[in-house]
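# predicted model and sequence follow; I will ask about them next.
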Amino acid sequence: MRIRRTLGLVLAAATLAGAGAAVGTAGAQAAAFPTITREECTDAGGQVKSIPYGGETCTLPDGTSQKIT
């Protein structure tokens, strides 16, 4: 009985650690893909492009693209 309880606690801890890693990954992905407004795009010298069914993106003079919010 004691081994079962210990194994259950170990599995629960591993599950919680996995969920924490998933939240950290989502936060890192959000930071890796910043968004920009139309005003910020044009102020930075970028061009706003409309993509059918994909929203709008901003292409900056350095060649990078960002999604417009």
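Received it, and whenever you're ready, just let me know what you need.
# just the pLDDT for the closest residue in space to residue 67 that isn't next to it in sequence.
Closest residue to residue 67 apart from its sequence neighbours, by Cβ to Cβ, 6 or more residues apart in numbering: residue 35 at 5.2 Å. C-betas here are computed from N, CA, C, even on glycine. As predicted, residue 35 sits at a pLDDT of 85.
# surely residue 35 meets residue 68?
Yes - in terms of Cβ atoms under 8 Å, residue 35 counts as a neighbour of residue 68; the distance is 6.9 Å.
# name the residue in these two with the higher neighbour count.
Using other Cβ atoms under 10 Å as the criterion, residue 35 and residue 68 rank with residue 68 on top: 19 against 12.
# quickly list what the closest residue to that one other than its chain neighbours is bridged to.
Beyond its immediate neighbours in the sequence, the residue positioned closest to residue 68 (Cβ to Cβ, 6+ apart) is residue 56, lying 4.2 Å away. Counting by DSSP bridges, residue 56 is bridged to residue 50.
# so what's residue 56 up against?
38, 48, 49, 50, 67, 68 (Cβ atoms under 8 Å, 6 or more residues apart in numbering).
# just the buried residues from those, in PyMOL please.
A single PyMOL command is used to select the members of the contacts of residue 56 judged buried by 16 or more other Cβ atoms under 10 Å:
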select buried, resi 68
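# make TSV from the contacts of residue 56 and add distance to residue 15 and pLDDT to it.
Below are the contacts of residue 56 laid out as TSV (distance: Cβ to Cβ, whole Å; pLDDT from 0 to 100):
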residue	distance to residue 15	pLDDT
38	43	93
48	44	94
49	43	94
50	43	94
67	33	91
68	38	91
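# quick one: the strands in the protein?
Ranges of strands in the chain, per DSSP state E, are 35-36, 47-51, 55-59, 65-68.
# domain ranges for the protein?
What automatic domain parsing lists as the domains of the chain is 1-33, 34-69.
# quick check, residue 37 in contact with residue 67.
No - using Cβ under 8 Å, residue 37 is not in contact with residue 67, being 10.7 Å away.
# fine by me, thanks again.
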